[in-house]
Structures are given as structure tokens and as C-alpha cells.
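Participant: Provided below are the primary sequence and the corresponding predicted coordinates.
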Amino acid sequence: GKEQIAVQFELVDPAGESIAWYGYFTEGTMERTIQSLRYCGWNGTDLSVFTEGQPLPDGFSEEVELVVEQEEYEGKVRAKVQWVNGGGGLALKNALTLDQAQAFGRRMQGVIAAMDRQSGRSATPRPPAPARVAARHAPPPEQPQTPTEMLDQQAEGEPVPAKGDVPF
């Protein structure tokens with residue numbers, strides 16, 4: 001009985017999978033729903049452009065990060081999009097310029113060398129391993145490929161690897 005929007009997201013990893021997100025327009029959720037649509041690239045003001053059967057509006061193609069959690073509904077556990085966040089990875093409020101980063105690196109070299117000496121670790125950097133040596137390492141263990149497989153694994157009490165993703 002409340003206005004809502006549904007967006008079907010195509011996942012980048014694993015490719016070929018998709019998941020739906022439902023945004024609501026209640027007094028308490030309206031601002032976050034609009035913000036999520038903005039993250040997706042929508043710059044308009046008329047929500048009727050999202051009417052079923054209509055092509056997606058121009059610009060609605062930004063890559064976003066989804067926070068997906070398991071939810072139990074009618075005795076079944078399923079993946080549900082909890083948050084739509086802007087993509088683009090990590091950002092710093094005041095990132096260093098190259099010159100600043102190099103000066104900082106020089107200042108920290110002595111600190112790092114002292115820590116290494118104190119811990120008994122060699123302070124001499126090791127040369128990088130040749131590519132052919134690195135290629136001999138065994139591949140990482142196979143991880144669940146779909147959100148459903150991840151939820152099944154988690155429901156069975158097995159830890160689900162984070163695969164380096166940060167859910168915000």
C-alpha cells in the first residue's frame with residue numbers, strides 16, 4: 001500500500017547474476033531511496049520515468065556497491081539488498097599529492113626500519129619474485145560464486161570469505 005521502486009541490478013561479480021532492490025517512499029525512507037537512485041546515475045526529478053515497460057532514464061548506468069544480507073521470509077533464507085551505496089571504491093578526505101606522499105614515505109622509512117630491527121625482521125627490502133615463481137602458487141580455494149551459494153554456506157555455519165569487499 002506504499003509507493004516503492006524496484007531496480008533489478010546486474011552483478012559484476014559474479015557476472016550474469018542479478019538481484020532486485022526495493023526502495024520505499026515513506027517519510028522515513030524517501031531521502032535514502034532518492035540518494036540510492038542518485039548513486040545509480042539518475043539526475044531527474046520525475047519518478048514516473050521509472051514506470052514499468054519504459055526504458056531506463058538517461059544516465060541511469062553508474063556502477064554502485066550493494067550491501068546484501070540474508071533475510072528469512074516464510075521459513076526460507078534469501079539474499080536481500082539492504083543498501084545501495086555509491087561506487088568508486090575508497091576515498092580520502094584530503095589525499096596526498098605525489099610530492100607529499102614521497103616526503104611522507106621518506107619520513108616513515110626510519111620508523112619502519114627501527115620497528116623491523118626491534119622485531120628482528122630484516123630491514124632490507126626483498127626483490128620482487130620473478131613472475132614465473134609467482135605463477136606456481138596454487139590458486140586460492142574456490143569461493144561461492146553466487147549470493148545464494150554464499151547464503152547457503154553461511155546458513156550451514158561455514159564462514160563466508162569476504163573476498164576483499166567492504167559492505168559500505
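Facilitator: Thanks, I have the structure now.

Participant: per-residue confidence at residue 143?
Facilitator: The predicted structure scores residue 143 at 50 on the pLDDT scale.

Participant: report how many residues lie close to residue 81.
Facilitator: By the other Cβ atoms under 10 Å criterion, the neighbourhood of residue 81 contains 19 residues. Any C-beta I mention is one placed from the backbone N, CA and C, and that applies to glycine too.

Participant: is it located within a helix, as I assumed?
Facilitator: No: the assignment for residue 81 by DSSP: H, G, I helix; E, B strand; the rest coil gives strand, which leaves it out of any helix.

Participant: so who does the residue nearest to it when sequence neighbours are not counted touch?
Facilitator: Computed as Cβ to Cβ, 6 or more residues apart in numbering, the closest residue to residue 81 that is not its neighbour in sequence is residue 21, at 3.8 Å. Contacts here follow Cβ atoms under 8 Å, 6 or more residues apart in numbering; on that basis residue 21 touches 6-7, 9, 36, 66, 81, 84.

Participant: and the two most separated of those residues?
Facilitator: In these, the most distant members under the criterion Cβ to Cβ are 6 and 66, with 13.9 Å between them.

Participant: those two: who's more crowded?
Facilitator: The residue with the greater number of neighbours, taking residue 6 and residue 66 and applying other Cβ under 10 Å, is residue 66; the counts read 19 against 10.
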